[in-house]
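S.K.: Provided below are the primary sequence and the corresponding predicted coordinates.
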Amino acid sequence: MQNENRNTIAFFVIAILMLVGYQMFVLGPQTKAKQAEAKAKAAAEKKVAAPGKPVIPTVAPGNLTRVQAIAASTRVPIATRGHDGKPVLTGSVNLTGGQVDDLFLQQYGTSVDKTSPRVDLLRPEATSNAFYALFSWEASNVAGLPGRNTVWSLKSGQVLTEKTPIVLTYTSPAGLVFDRTIAVDDRYLFTVTDTVTNTGTGPVTIRPLTEVRRAGLPPEAGKGQNVHEGAVGWLDKELRLKKYQPWKKDAAKGKGEQTWNTTGGWLGITDKYWLTAIIPDQSEAITARYRQFTLEGRDYYITDAAGRDRTLAPGASATETTRLFAGAKRAEVLKSYQKALGVPELDRAIDWGMLFFLTRPFFMALEFFYGFVGNFGVAILMVTLCVRIILFPLANKSYESMSRMKKLTEPMNAIKEKYKDDPAKLQAETMELYRREKVNPVAGCLPLFLQIPVFLAFYKVLSVTIEMRHAPFVGFVKDLSARDPTNIWNLFGLIPYDPGALPLVGGLLTTHPTALGFGAGALGLGICVLFYGFTMWLTTAMNPPAPDPMQQRIFQLMPILFTFIMAPFAVGLIIYWTFSNCLSILQQYIIMHRLKVDNPIDQFFGRFSAKAA
């Protein structure tokens, strides 16, 4: 017994030393580097160029600030509003290349603070973390076709809005006249229509090419281990995914390009919550590609779609229409475009995961209840209640079996004492006791096993759906997709200091949402997760004790261990799991009370009443 205690203590001491070491030598340097990078970026963005004086780039591409890059080219403003009159998109169309490379999502901030900067989805190529959409034409034997450096002229329109498209024009040296109409709706869909007229003396063969390009990755890329970020598309009747890191590794091996010949579909680059995707005419045959390469020290990630060849005789014209989705991955928006345009599986740009058969229904249920209550936190509680009702019959049998098992604690102990030197007889007598009392020792595990996929599905929904992003519940819970912001180490805000500022262990104690890496803030415990730990302890205490003393200690430590494990998870997930535990406790208590089995709740109130008397 003494050795078992010593091993248990040694395990926890080693685990704490590993966490502290990880904080000191991994998370600490990472945090300092990110803070220095953020300060440098903020300082650079403040250097605003003088109005009317374009900045001539004198540094390597990717090193200009956004302000400098915008000022260095002629642009047409973008300003759209939704059906409710609120701003949706702002930014500009770059007349150099006729590309969409400057776009802000006005309905989404970078934090829960309503005054925080708006999310910038697209950025010019000359900036770091550039991200843009380019519409061009190519041919093997025709020079001067529109490309990334082509300077277009504004033919009509002053501002691109949901009501007023703009028209650009360009004439190539070969006598090809290009008129480009760019329109946008009141959400996130751009429609680019190119009309090409051959005013030359000979026939030409050309084809359209649309690209979504990313040069360098944003700082937040790769932080969501549970979310797909990178290339995504529905091509050749399959969902095609490519994460950034494997994409780059394959390119280093000479496998950085993938090609599909397909009709229709869509492709683009996705982040956790945002999507920029090419949607060609669904009846047109295209050649789709995922490409990755490094040029001048920058990593380029490109998805493109090339249309069919068009041969234009002198005086002939051709028209190509391509759509670009650039915005938030809201399920109802993607589905509406999917239906209106006949685009297959567009809503699968949301990473529903392997358990999509659960995550999709759960999200639909959350949206359904949200439509009634107007609060996703309350919707989580209602969906949890529905899940528990569905599982009620099976859980009821399991809890009844567990209660009967607990009632057999004393007979079991007597059998162990009587046959402690005869394992075979002990096993036989134990099984006979189970049979006689109609107890199944395995049945108690079924509710837990059934809840695991439900738990994973809820975790996925909270991780990938933008509807959960910055969604408040009540009081201090301002964002269901973030961790519990309260912290026991400053008495939940009563003491005015930040535990994350402490040397060495600060990164472990913080609950700040910008904590980096696995294990960051693992010891920072909020109100919700502490209540979760209490409900888990109570659930464990109501279960029958394990037969082995060491197993009993492990089960006693499990609520403490899981409290720390669950601390960094989204508070919406903690709310689900805690409420589910409360329902389990209520259901189990009723059964134990009916079967007259001792339980910790009755024991607590019994002692309380005895003391009061």
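M.R.: Cool, got the structure.

S.K.: Check what contacts stretch 406-415 and list those residues.
M.R.: Stretch 406-415 is contacted by residues 426, 429-430, 433, 437, 439, 542-545, 547, 592, 595, 597-598 when judged by Cβ atoms under 8 Å, 6 or more residues apart in numbering. (C-beta placed from N, C-alpha, C; glycine too.)

S.K.: what's the average pLDDT for that stretch?
M.R.: For stretch 406-415, the mean per-residue pLDDT is 75.

S.K.: That one: which residues count as buried?
M.R.: 406-408, 412, 415 (16 or more other Cβ atoms under 10 Å).

S.K.: Now render these as JSON lines, adding secondary structure.
M.R.: Putting these into JSON lines (DSSP: H, G, I helix; E, B strand; the rest coil) gives the following:
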{"residue": "Lys406", "secondary structure": "helix"}
{"residue": "Lys407", "secondary structure": "helix"}
{"residue": "Leu408", "secondary structure": "coil"}
{"residue": "Met412", "secondary structure": "helix"}
{"residue": "Ile415", "secondary structure": "helix"}
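
S.K.: Report the buried members of the contacts of stretch 406-415.
M.R.: Buried, going by 16+ other Cβ under 10 Å: 426, 429-430, 439, 542, 544-545, 592, 597, out of the contacts of stretch 406-415.

S.K.: Pick the one among those residues closest to Val184.
M.R.: For those, the closest approach to Val184 (Cβ to Cβ) belongs to Met542, at 58.1 Å.

S.K.: still on that earlier bit, pick out whichever of the buried ones among the contacts of stretch 406-415 sits closest to Arg148.
M.R.: Of the buried ones among the contacts of stretch 406-415, the one sitting nearest to Arg148 (Cβ to Cβ) turns out to be Met542, at 66.1 Å.

S.K.: Can you tell me how far the closest one is from Leu64?
M.R.: Counting by Cβ to Cβ, to the nearest Å, the separation of Met542 from Leu64 is 63 Å.

S.K.: same thing with Leu358?
M.R.: Noted for Leu358: a distance of 46 Å to Leu64, by Cβ to Cβ.

S.K.: who's more crowded, these two?
M.R.: Leu64 (24 against 18; other Cβ atoms under 10 Å).

S.K.: From what I see, that one and Ala72 are in contact.
M.R.: Yes: Leu64 lies in contact with Ala72 (Cβ atoms under 8 Å); the separation is 7.3 Å.

S.K.: Quick check: what element follows the least confident helix or strand in the chain by mean pLDDT along the chain?
M.R.: In the chain, the helix or strand scored least confidently by mean pLDDT, DSSP states H and E is helix 28-45, which has a mean of 49. Using DSSP states H and E, the helix or strand that directly follows helix 28-45 along the chain is helix 66-71.

S.K.: so what's the residue sitting furthest away from the middle of the chain up against?
M.R.: Distance to the chain centre peaks in the chain at Lys418, reaching 56.8 Å (criterion: Cα atoms, centre = their mean). Listed by Cβ under 8 Å, 6+ apart, the contact set of Lys418 reads Glu429.

S.K.: Next: Arg214.
M.R.: Contact partners of Arg214, counting by Cβ under 8 Å, 6+ apart, are 129-131, 269, 300-302.

S.K.: Let me have those residues in TSV, extended by distance to Asp113 and neighbour count.
M.R.: Compiled in TSV, those are given as follows (distance: Cβ to Cβ, whole Å; neighbours: other Cβ atoms under 10 Å):
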residue	distance to Asp113	neighbour count
Asn129	22	17
Ala130	27	22
Phe131	24	26
Ile269	28	25
Tyr300	34	18
Tyr301	31	24
Ile302	34	19
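
S.K.: Inside strands: which ones of those?
M.R.: 130-131, 269, 300-302 (DSSP state E).

S.K.: can you pull out the helices in the stretch 501-613 of the chain?
M.R.: Taking DSSP state H, counting those that start in this stretch as the test, the helices found in the stretch 501-613 of the chain are 506-509, 527-542, 549-566, 571-594, 600-612.
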